[in-house]
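*Asks:* got a structure for you, letters missing:
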Ligand code: SPD
């Protein structure tokens with residue numbers, strides 16, 4: 001089974017041999033050619049998960065990977081709480097010395113207790129406050145529950161569906177990461193352990209907001225960064241609906257983000273990019289692709305169109321209406337690389 005970059009996972013994980021430039025070029029070609037392939041092709045088999053024990057040395061976890069070549073972020077481990085392989089991936093949870101509980105999938109940090117609120121709040125509240133009246137929301141991935149926790153703060157939302165492929169991520173999060181997994185307790189949440197693309201095929205024109213809270217484009221999450229997946233999300237949105245997806249890092253991945261934004265621009269009314277800072281993600285930053293389907297009065301997502309009540313704002317630690325607007329203001333190099341602007 002080949003992944004997003006056209007390599008096997010084992011080849012990719014052997015980062016010394018990985019030619020990053022070639023992979024990014026392959027990505028560009030794949031993004032274009034896959035535009036016309038069937039969405040059901042996304043559900044092909046995954047390779048057996050491998051162990052990432054080699055990233056733990058002397059009670060330190062070292063995040064090394066092909067998507068951030070030549071750099072590594074490390075956290076000191078207080079105690080390993082869980083380490084096992086599910087059907088899809090290696091799942092590690094540890095208590096760290098300064099970042100609280102940490103969730104790691106296939107050797108990549110997904111959340112730390114210290115800073116997860118930054119990503120989860122921005123991923124949920126940017127699209128939800130950019131929508132005049134969100135009622136049905138779909139989350140793809142997000143098995144830790146943190147994004148659900150944030151969506152649940154919106155009283156207009158009547159139904160929150162989540163499609164997570166790996167039920168063990170949900171179970172492990174409920175056991176060790178309750179500060180995020182409490183998102184599953186909201187009565188509006190409906191859990192579907194299945195492929196998100198298949199779910200969307202069965203739910204056309206259904207959602208006001210679709211949030212894809214994915215890992216990086218290596219292994220099970222790789223298809224979520226491809227154009228057919230955006231076509232599937234477009235089909236599953238209501239008119240004027242908004243997609244918000246994990247959009248990687250401008251310091252590391254503009255060669256991935258730019259071609260993807262370009263490839264999906266013909267599908268949507270608007271395609272925009274926002275970002276937040278977060279110390280425990282590679283290079284301390286992560287972005288979001290925001291794409292809006294035609295219909296309704298509102299264009300783009302840069303302006304919140306609803307007031308967040310004081311009761312909600314006092315609970316939030318990162319999102320404010322001001323940071324909503326500011327998040328779309330990109331450094332010059334990123335604007336040029338992603339949108340071709342001067
Ligand atoms: N480089 C890691 C990106 C991980 C993004 N997903 C995190 C899931 C948090 N709910």
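*Replies:* Received the coordinates, thanks. The shown structure was predicted, so the numbers you read here are calculated from the model rather than taken from an experiment.

*Asks:* Residue 55 against residue 62, yeah?
*Replies:* Yes. With contact defined as CB atoms under 8 Å, residue 55 counts as touching residue 62 (5.2 Å). C-beta: built from backbone N, CA, C; applies to glycine.

*Asks:* For these two, indicate the residue with more neighbours.
*Replies:* More neighbours surround residue 55 than the other of residue 55 and residue 62, with 19 against 14 (other CB atoms under 10 Å).

*Asks:* Could you tell me which residues make contact with that one?
*Replies:* For residue 55, the contact set (CB atoms under 8 Å, 6 or more residues apart in numbering) comprises 61-64, 107.

*Asks:* which residues of this protein fall in strands?
*Replies:* When assigned using DSSP state E, the strands of the chain occupy the ranges 56-57, 60-63, 73-85, 90-96, 101-105, 108-112, 136-141, 159-163, 189-192, 207-213, 237-246, 270-277, 285-292.

*Asks:* nearest to residue 323, of those?
*Replies:* strand 270-277 (7.9 Å; CB to CB).

*Asks:* Can you list the neighbours in contact with the closest one?
*Replies:* 118-119, 122, 126, 247, 250, 257, 261, 264-265, 284-292, 299-302, 318, 323, 327-328, 330, 334, 338-339.

*Asks:* List only buried entries from these.
*Replies:* Using 16 or more other CB atoms under 10 Å as the burial test, the contacts of strand 270-277 include 118-119, 122, 126, 247, 250, 257, 261, 264, 285-292, 301-302, 318, 323, 327-328, 330, 334, 338-339 as buried.

*Asks:* neighbours around residue 58, how many?
*Replies:* Around residue 58 there are 7 other residues, counting by other CB under 10 Å.

*Asks:* Also residue 234?
*Replies:* For residue 234, using other CB under 10 Å, the count is 18.

*Asks:* Got the confidence number for it?
*Replies:* Residue 234 is assigned 98 on the pLDDT scale.

*Asks:* Test my guess that it contacts residue 292.
*Replies:* No. Residue 234 lies out of contact with residue 292 (CB under 8 Å); the separation is 10.1 Å.

*Asks:* between these two, what contacts are shared?
*Replies:* Taking CB under 8 Å, 6+ apart as the contact rule, the neighbours common to residue 234 and residue 292 are 243, 268.

*Asks:* What residues does the protein have near the ligand?
*Replies:* 108, 110-111, 119-120, 142, 144, 146-147, 213, 215-216, 246, 281-282 (CB under 6 Å from any ligand atom).

*Asks:* Kindly recompute the last result at 5 Å.
*Replies:* Contact residues, the chain versus the ligand (CB under 5 Å from any ligand atom): 110-111, 144, 146, 213, 216, 246.

*Asks:* Generate a PyMOL selection restricted to the buried subset of those.
*Replies:* In PyMOL, this line selects whichever of those come out buried by 16+ other CB under 10 Å:
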select buried, resi 110+111+144+146+213+216+246
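
*Asks:* Please identify which pair of the residues of the chain next to the ligand lies farthest apart.
*Replies:* Greatest spacing in these, by CB to CB: 146 and 216 (16.9 Å).

*Asks:* Now intersect the buried ones among the contacts of strand 270-277 with the helices, please.
*Replies:* Counting by DSSP state H, the buried ones among the contacts of strand 270-277 place 118-119, 122, 126, 250, 257, 261, 264, 323, 334, 338-339 in helices.

*Asks:* Under the pLDDT cut-off, which ranges of the stretch 1-150 of the chain? List them.
*Replies:* Under the criterion pLDDT under 70, the flagged ranges of the stretch 1-150 of the chain are 1-45.

*Asks:* circling back: wait, which of the residues of the chain next to the ligand is closest to residue 96?
*Replies:* Checking the residues of the chain next to the ligand against residue 96 by CB to CB gives residue 111 as the nearest, at 11.6 Å.
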